[in-house]
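**Student:** generate coordinates for the sequence data below:
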Amino acid sequence: MNETKREKPALLIIDMVKDYFDETKNAPITRLAKPIIDPINRMGSMFRRKGWPVVFSTDAFQKDHFFFQSHMKPHAIAGTPGAEVIDALDRKPEDYWLPKPKMSAFFQTGLEIWLRQREITLCAVAGIATPFCVLTTVLDAVCHDFKAVFLEDCCMAGTRQTHEKTLDLYRRNLLYPLLRVMSSTELLAELT
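**Tutor:** Got it, this is the predicted structure:
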């Protein structure tokens, strides 16, 4: 039997929150991230049909968050509408919504334990932004002994060039096949 057919995957959807899709804020990522909504919805639908978990992990910052001492303006404040998952994403009651205090979905969230309880072996990671929260989640997945896949057509950065350059760093890497870059269709074909 092919090793990949025995994988038990989870789809981790990172930071697809209302503040990042608010066109009045003129964030460059807003326009670029809209095209990844449909592929993420397709992945979520397929994962649910297969009985694989779908996790929405979203920024939930405090007003005095350390990051806001940088060029980053306050956003995605815990408990505000801006920190909620965008309406365009198909989120079901059985999906797990996991607010996070930092970049990685694994940082102080209990995600590792939640995944282990479900015997997950592979984390397929989607969302924004590729060089920050998506990247740290992918790397932390591997650091917690899960295989990880960047879903290249389901994540985006503030510029297309930044997105591509980040992924290019990991297309060929020493951790292959534990860490890979794949399209959503490639991963689904491999898993099914």
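**Student:** top helix in this protein by residue count?
**Tutor:** If you go by DSSP state H, the chain has its longest helix at helix 37-50.
**Student:** packing partners for it?
**Tutor:** Under the contact criterion of 3 or more C-beta pairs under 8 Å, 6 or more residues apart in numbering; DSSP states H and E, helix 37-50 touches strand 9-14, strand 54-59, strand 122-128, strand 147-156, helix 184-191. From N, CA and C alone the C-beta is placed, and that goes for glycine too.
**Student:** what about the helix or strand of the chain with the lowest mean pLDDT, distance to the chain center?
**Tutor:** Ranked by mean pLDDT, DSSP states H and E, the weakest helix or strand in the chain is helix 28-33, scoring a mean of 93. Relative to its chain's centre, helix 28-33 lies at 16 Å (C-alpha atoms, centre = their mean, to the nearest Å).
**Student:** okay if I get the helices and strands packed on helix 37-50 as a markdown table plus distance to Ser70?
**Tutor:** Listed next are those as a markdown table, based on distance: least, C-beta to C-beta, whole Å:
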| stretch | distance to Ser70 |
| --- | --- |
| strand 9-14 | 19 |
| strand 54-59 | 14 |
| strand 122-128 | 17 |
| strand 147-156 | 21 |
| helix 184-191 | 32 |
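**Student:** CSV please, covering these and showing mean neighbour count.
**Tutor:** Below are the helices and strands packed on helix 37-50 laid out as CSV (neighbours: other C-beta atoms under 10 Å):
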stretch, mean neighbour count
strand 9-14, 27
strand 54-59, 24
strand 122-128, 26
strand 147-156, 25
helix 184-191, 17
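**Student:** dump these to CSV, plus mean pLDDT.
**Tutor:** Putting those into CSV (pLDDT from 0 to 100) gives the following:
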stretch, mean pLDDT
strand 9-14, 98
strand 54-59, 96
strand 122-128, 98
strand 147-156, 98
helix 184-191, 96
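**Student:** closest one to Gly110 among those?
**Tutor:** With C-beta to C-beta, the closest approach to Gly110 among the helices and strands packed on helix 37-50 belongs to strand 54-59: 11.2 Å.
**Student:** tell me what the closest one is packed against?
**Tutor:** strand 9-14, helix 37-50, strand 96-100, helix 111-117.
**Student:** let me see the contact set for the nearest residue to Asp95 once chain neighbours are set aside.
**Tutor:** With C-beta to C-beta, 6 or more residues apart in numbering as the criterion, Asp95 has its nearest non-adjacent residue at 4.5 Å, and that residue is Val54. Neighbouring residues of Val54 by C-beta atoms under 8 Å, 6 or more residues apart in numbering: 10-11, 13, 44, 47-48, 92, 94-96.
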